[in-house]
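Engineer: model the structure of this input:
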Amino acid sequence: GYLPVVGLLSLILILPIIFEQIAIRYEHRKTVSDVQRSMLGRYFYYQLVNIFLTVTAGSLWDSLADILDHPGNILMILGNSLPKVVGYFISLLITKILAGLPIVVLRVGALGRKLFLLSIFSQAKVTQRELDGIYRRERLLYGWEYPSQLLVIVICFTYACICPIILPFGTIFFVGSLMVYKKQVLYVYTPVFESGGSMFPDASNYMLQGLICSQIILIGYTLIRGCVFEPLWLMPLPFITLWILRYFRRCFEKAALQLSLERAVERDLVSDLKTKLKMESVTDTPTSGTGVSMGFEERREKFNAKLYRQPILTASSMEPMSYRRDQYDSVTEEVKGAIRKHRSMVKETPQKRNPALIHEENRLSDESVESLRIMGIHSDLV
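Structural biologist: Down below sits the predicted model:
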């Protein structure tokens, strides 16, 4: 039936929220990337267990009556009933293709916020901040999206040989996912952290683990069907995949965790060369023989001493925004002009203040002062 598929998809949507709260509140993980990695691992293993429990329990439940009537034919009964569970997973893939991917494209969250606000308020009375809340930037949640793709590929691994009819549906899903997520990553999602691709080795490891489980299922299926030579030929496959998994970890994953000394020296040399060429183009004089490492000098010049201070303590005074972005507002522009004049007056010392500016300060119109009061700014200019 279709109801179990809807129930499973609903549970799949709720579980990442639970895993995220466990990582934040129980494990006290501090970084966003660490939380997402924790969600990725838990979510994947749940789906992996769910797949293989569905395969075995579904086959046993459907064939329970026949097994009780003919206990001696249990292997033959399971061998005949095991491919029938693929209908459940085909329904799952069809639902993800026809419902899951369109929901990602539609951006139901932003669409719902817009419809809610515009159905209650007139668009002319909605503030710019409320409009920005509708179209706020969205971030790619790796702990949600990665396991969804891994689930489909593990399902296809499992049933590729048992029931190949599932492969066209898996192909359609991945082609659709490529188009949908490519568009989302390029035009919608905004990265909020940079982890240096630390989640890709995890995704690769999980995919190979799913492949090992599917190979074991295939060997068991051939044994159930009464085959003799096929299981012998298939037996090395899980061990080969396990060796490849360990090889990837040893040669690629561990090497990518830290920058090699050779690469660090190359980066310094490239930085020195770029700064040297830049200074030569500005001064028209060669900089060789000065004994100064230009790369380090450039980094020293770019160092910001206020970087670790509270932003509110180092930020300059703000200017009022227009009621609508990219639209001219005469009142706001008049207030901005008054604020800029006030800044230029405050920056000058009393001994060096320009008499013309003092005269201009005294000639601020009552309309500008009233506009400042309207915008919520104290009129201490006069």
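
Engineer: so where's this protein shaky on pLDDT?
Structural biologist: Within the chain, the segments meeting pLDDT under 70 span 1-2, 4-5, 8, 52, 54-83, 279-300, 317, 346-382.

Engineer: centroid residue for it?
Structural biologist: For the chain, the residue nearest the mean C-alpha position is Leu140 (2.2 Å; C-alpha atoms, centre = their mean).

Engineer: what sits against the nearest residue to that one once chain neighbours are set aside?
Structural biologist: Nearest residue to Leu140, sequence neighbours excluded (C-beta to C-beta, 6 or more residues apart in numbering): Tyr189, at 4.2 Å. Using the backbone N, CA and C atoms, a C-beta is placed for each residue, glycine as well. For Tyr189, the contact set (C-beta atoms under 8 Å, 6 or more residues apart in numbering) comprises Glu138, Arg139, Leu140.

Engineer: what's the closest of the residues you listed to Val85?
Structural biologist: The closest of the contacts of Tyr189 to Val85 turns out to be Leu140 (C-beta to C-beta; 32.6 Å).

Engineer: got the phi/psi numbers for the closest one?
Structural biologist: phi -80, psi 120 (degrees, to the nearest 10).

Engineer: make 25 the first number, not 1, from now on.
Structural biologist: Sure, I'll start numbering at 25, so the last one becomes Leu164.

Engineer: related to what we said a few turns ago, the residue nearest to the centre of the chain and Leu210 touch, don't they?
Structural biologist: No. Applying C-beta atoms under 8 Å, one finds Leu164 not in contact with Leu210, separated by 11.4 Å.

Engineer: and Ile241, how far from Ile38?
Structural biologist: 27 Å (C-beta to C-beta, to the nearest Å).

Engineer: now do Asp226 against Val73, distance only.
Structural biologist: 18 Å.

Engineer: more neighbours, these two?
Structural biologist: Ranked by neighbour count (other C-beta atoms under 10 Å), Asp226 and Val73 place Asp226 first, with 17 against 11.

Engineer: now the helix or strand harbouring the more buried one: buried residues?
Structural biologist: Using DSSP states H and E, the element containing Asp226 is helix 223-248. Buried positions in helix 223-248, judged by neighbour count with 16 or more other C-beta atoms under 10 Å: 223, 225-227, 229-239, 241-243, 245-246, 248.

Engineer: who's in contact with stretch 30-44?
Structural biologist: Here stretch 30-44 has contacts from 59, 62-63, 66-67, 70-71, 74, 116, 119-120, 124, 165, 167-168, 172, using C-beta under 8 Å, 6+ apart.

Engineer: nearest to Ile363, out of those: which one, please.
Structural biologist: Closest to Ile363, out of all of the contacts of stretch 30-44 and judged by C-beta to C-beta, is Leu165, at 40.3 Å.

Engineer: show me what contacts the closest one?
Structural biologist: By C-beta under 8 Å, 6+ apart, the neighbours of Leu165 are Pro40, Gln60.

Engineer: now it: phi and psi?
Structural biologist: phi -90, psi 100.

Engineer: three-state assignment of Lys54?
Structural biologist: Taking DSSP: H, G, I helix; E, B strand; the rest coil as the rule, one finds Lys54 in the coil state.

Engineer: and it, how far from Phe217?
Structural biologist: From Lys54 to Phe217 the distance is 12 Å (C-beta to C-beta).

Engineer: starting at the chain centroid, how far to the helix holding Asp226?
Structural biologist: 25 Å (C-alpha atoms, centre = their mean, to the nearest Å).
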